[in-house]
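> this is the structure alone, sequence omitted:
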């Protein structure tokens, strides 16, 4: 996100600052830089260093060269965890962004003018609520709802479904179930940002189009979506990164199971760190994950700046 | 493998600090520094037999050491399983804590020098005599393998896993208590024919792997077990291996509907609930659930029977007291261990329905307590404690758990199950064995 602001500032032209003035600003960066060094940089460098060792987390690590990375390349579990990440991107980035955009437009263009701002604010808060709830709490409650004899299946049975699915315990159903919970969690995030963005769009665009007889759908396609591009980029980028790093919901709901049906790189790294005490290997997984996230971010930003430049 | 952390565990964790049993008798005593504060952790559920006995010990401890500030924190089993090594390796260790027994847990940290050698203290204070055969769970060699070596942990209770059954339902359907595997299967069939799923299980949590291990040791002899835990050879995945046979039996039982395939989505607490509410007539549970059943089951009579077979059952000495190498108040820790091993606490534990190591038979008046203590004493004296399958290799718990889950779910064959276990087992076996 910081990178975005930087890119944005560059686009907005102003008189360049003198060298002395720039230096004067530097001191304001110090607290942030210090925090970054302590919280991000040092652990990250340590993690990279550990990934080249064979270490149980206790005692002295022994240097292992590229062994961990060699093992990583051939590790089926690791690759299946990454493949699962694609489903998490669908559930945490793509669906919530698309659905969030439609819902935001619905709230902003339709509900707010007819039912007033209070109704739309209440609904917006409702959609955002899952973002506020701690995932440990929400996950446990979802776990109760989704157990074979839980609330959902009881309702389904009352409706005449004789053999409702074993949502989190069946290899075929576990991933869709977890995805559903994640969509529920993520929806509000994009929605809130999109509604704020829609308030920014000059109403004249919509009024002019409406006078020309454009339907809501046409206006949504040709005005809202193009105007919302910066917000869409930000939401997609941040949620995709969140999807790649996802840990909490998996830990609470399925612990990567059944089998490895919902395993993800973060959880796999964690189980190597704390379960098998193969800390070096866990660190290698974490490093690989970070590289992927950074590469993806760079690609996103490049695409965005190209789109903005066009 | 014995896991007490259930769904409630998460809440217990949050409530741990507030629940802390601050036995500060002398309120004005603001002592600090080494030797003046005694910090002890355990993860027994509040009110279970161990917790009752140890809380009582803590009261007496405070009375005997009025100048010492006692700090107790309740943890959860999973917490120690996941982060125990990191905690012991940090500078912020308690003086005494309950630790998970097994090569992969206590053994691993003992081998790294993170636990105090208690051999001399155990002999001096007679803990070895009180614990008897159960002492195995606290004894590790230099590689961290359970067996002849030094004493790093002191068990103060025992445990075993057995079937619990609903006596009323057995009587209603004319089913006798099974003494052989055939009779057990016949009992399952009888209930099945009445449209009842006989066995309450949870494969989304630890109970199913206990059942798998129970079936394994029922086919095993001591020689096979010694080889398995001592990592003497690569894992035998042939059809004759007790473990393969157990996997096959579990798969068959699921296919025949003796246990619900949907138990892959059930937590331990869900399975216990099926039994407690009389929906399923049988379950396979550890003695750590006995206190809970005793307290909560009011609508029917229940009893227990062991897995028919070799006479070996899943079970062992309980989880162990360990004293971190970095602990400040080691003598205080020894004093407290001593209290948990004394006659008063052992009898108290047994009368609360727990499995004590050395309760005096005539001091146990509670019928449930009497039964479990007699059974445990018999298992211990006949070499019938088969430990738990996940002990030989680090993270075998997770491997056992997830593969039992898919085995019960039917998405994995017994052969594939064995293959999944073999890879990590052989990897460690080749370096240690």
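It's in. If you're wondering where the values come from, they're calculated on a predicted model, not measured in any experiment. Residues are numbered from 1 along each chain as shown, chains lettered A, B, ... in the order given.
> list the contacts for the closest residue to residue B:318 other than its chain neighbours?
Closest residue to residue B:318 apart from its sequence neighbours, by CB to CB, 6 or more residues apart in numbering or on different chains: residue B:157 at 3.9 Å. For every residue, glycine as well, the C-beta is placed using N, CA and C. The contact partners of residue B:157, by CB atoms under 8 Å, 6 or more residues apart in numbering or on different chains, come to B:49-50, B:317-318, B:349, B:354-357.
> now, these that are in helices?
Among the contacts of residue B:157, DSSP state H puts B:49-50, B:349 in helices.
> which one of those has the most neighbours?
residue B:349 (32 neighbours; other CB atoms under 10 Å in any protein chain shown).
> end to end, how far does stretch B:98-109 reach?
End-to-end distance for stretch B:98-109: 14 Å, by CA to CA, to the nearest Å.
> repeat for stretch B:59-72
11 Å.
> what distance separates it from the centre of its chain?
28 Å (CA atoms, centre = their mean, to the nearest Å).
> what about chain A: which of the ones in helices among the contacts of residue B:157 touch it?
Among these, no residue is within reach of chain A (CB under 8 Å from any CB of the partner chain).
> how about residue A:36, secondary structure?
helix (DSSP: H, G, I helix; E, B strand; the rest coil).
> and the strands in the stretch 201-350 of chain B?
Remark: strands assigned in the stretch 201-350 of chain B by DSSP state E, counting those that start in this stretch are B:282-286, B:302-305, B:315-317, B:320-322.
> what's the average pLDDT for stretch B:177-196?
Averaged across stretch B:177-196, pLDDT comes to 96.
> what comes up buried for that stretch?
Neighbour-count burial for stretch B:177-196 flags B:178, B:184-185, B:187-188, B:190-191 (criterion: 16 or more other CB atoms under 10 Å in any protein chain shown).
> number of nearby residues for residue 246?
By default, I'm working from chain A. Residue A:246 has 23 neighbouring residues, counting by other CB under 10 Å.
> meant chain B, my bad for not saying
Count around residue B:246 with other CB under 10 Å applied: 23.
> so it sits right up against residue B:224, yeah?
No: applying CB atoms under 8 Å as the test, residue B:246 and residue B:224 come out as separate, 11.9 Å apart.
> just checking, which of the buried residues of stretch B:177-196 belong to helices?
Reading helices off the buried residues of stretch B:177-196 with DSSP H, I get B:184-185, B:187-188, B:190-191.
> what is the burial count for whatever residue of chain B ends up closest to chain A?
Per CB to the nearest CB, residue B:265 is where chain B lies closest to chain A, at 2.5 Å. A count of nearby residues for residue B:265, using other CB under 10 Å, gives 31.
> pLDDT wise, what is the nearest residue in space to it that is not next to it in sequence at?
In space, residue B:265 comes closest to residue A:169 once its chain neighbours are excluded; the distance is 2.5 Å by CB to CB, 6+ apart. Looking at residue A:169, its pLDDT stands at 90.
> any regions of the chain where pLDDT drops low?
Reading this off chain A. For chain A, the stretches with pLDDT under 70 are A:1-14, A:310.
> hm, I was asking about chain B
Chain B contains residues with pLDDT under 70 at B:1-35, B:433.
> need the residues of it near chain A, please.
B:7, B:10, B:82-83, B:85-86, B:88-89, B:108-109, B:112-114, B:203-204, B:260-267, B:270, B:394-395, B:397-398, B:401-403, B:405-406, B:409, B:411-412, B:424.
> return the residues of the stretch 51-200 of chain A in contact with chain B.
Neighbours of chain B within the stretch 51-200 of chain A, by CB under 8 Å from any CB: A:56-59, A:136, A:140, A:143-144, A:146-149, A:166-171.
> pretty sure residue A:92 is in contact with residue A:246, am I right?
Yes: Residue A:92 is within contact range of residue A:246, at 6.7 Å (criterion: CB under 8 Å).
> so which residues of the stretch 51-200 of chain A form strands?
Assigned by DSSP E, counting those that start in this stretch, the stretch 51-200 of chain A shows strands spanning A:53-54, A:62-63.
> tell me the strands beside the last one, with direction?
This points to strand A:62-63. Applying DSSP bridges, strand A:62-63 is found paired with strand A:53-54 (antiparallel).
> ok, for residue B:394, nearest residue in space, not its chain neighbours?
In this structure, residue B:394 finds its nearest non-sequential neighbour in residue B:104, 4.3 Å apart by CB to CB, 6+ apart.
> ok, that neighbour - contacts?
By CB under 8 Å, 6+ apart, the residues touching residue B:104 are B:390-397.
> same thing with residue B:430?
Counted by CB under 8 Å, 6+ apart, residue B:430 has contacts residue B:234.
> make sure it is indeed in a helix.
Yes: read with three-state DSSP, residue B:430 is one of the residues of a helix.
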